[in-house]
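below are the sequence and a predicted model; questions follow.
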Amino acid sequence: MATAYLVSTALMGLLVVGVLLWLGRVRGWYQYSPAASGEGWSPGVPPKSTVDRLTGSTSAWLVAFALLVVGFLVGVVAFISAPAGSGGLAGPAVAVGGGLLLVGYLLFGVYISAKRRGHPSALAAAESATVAGTLFLVAITVRLVLP
């Protein structure tokens, strides 16, 4: 049964690669210009709001990531140091919370990165949704492969 799942996964992967290759050849992606969309970010124009300034700042992203890591380390230490009988729900809560924050951080990062490349909001959201779908398919594949 597991072999059938692996063969099906491999065939779907080949189909996805084939579709991506076909799309790459049919459409002239090399002609794309972010300036043509009209929503691109240019270095000479200051950000419009505090949120734009913070999302464009590398140090703000580093501080946010560091705070998330420290917060989860504190959660893990609290789970480990708790008495054996009292931490029944803390383990899954830390795992689920960490996974959700990691995926959310990744998807928001893809969205902001796409916006900074000059893509409109709809295309940036589509790129973020594509990454989410890919992560979902990878998770299903790993779950099917591992017993």
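Yep, that arrived. Numbering: from 1, shown residues only.

what's the spacing between Val76 and Gly97?
From Val76 across to Gly97, the span is 11 Å (C-beta to C-beta, to the nearest Å). From N, CA and C alone the C-beta is placed, and that goes for glycine too.

for Val110, same thing?
For Val110, the distance to Gly97 equals 21 Å [C-beta to C-beta].

more crowded one of those two?
Neighbour tally, Val110 and Gly97, criterion other C-beta atoms under 10 Å: the higher count belongs to Val110, 18 against 13.

what's the helix or strand containing the more buried one packed up against?
Using DSSP states H and E, Val110 maps to helix 90-116. Contact partners of helix 90-116 among helices and strands, from 3 or more C-beta pairs under 8 Å, 6 or more residues apart in numbering; DSSP states H and E: helix 58-81, helix 121-145.

contact partners for Val131?
Residues near Val131 by C-beta atoms under 8 Å, 6 or more residues apart in numbering: Leu106, Leu107, Val110.

and of those residues, the nearest to Val138?
Lowest distance from Val138 to the contacts of Val131 (C-beta to C-beta) belongs to Leu106, with 12.2 Å.

tell me the contacts of that closest one?
Val131, Leu135.

how far away is it from Glu127?
Distance from Leu106 to Glu127, by C-beta to C-beta: 12 Å.

one more: Gly18?
Applying C-beta to C-beta, the value for Gly18 to Glu127 is 21 Å.

go on, Leu135?
Distance, Leu135 to Glu127, by C-beta to C-beta: 13 Å.

thinking again about what came up before, pull out the buried residues from the helix holding Val110.
Val94, Gly98, Leu107, Val110, Tyr111, Ile112, Ala114, Lys115 (16 or more other C-beta atoms under 10 Å).

what number of residues lie near the residue lying closest to the first one once chain neighbours are set aside?
Think Val94. Closest residue to Val94 apart from its sequence neighbours, by C-beta to C-beta, 6 or more residues apart in numbering: Gly75 at 4.9 Å. The local packing of Gly75 (other C-beta under 10 Å) involves 15 other residues.
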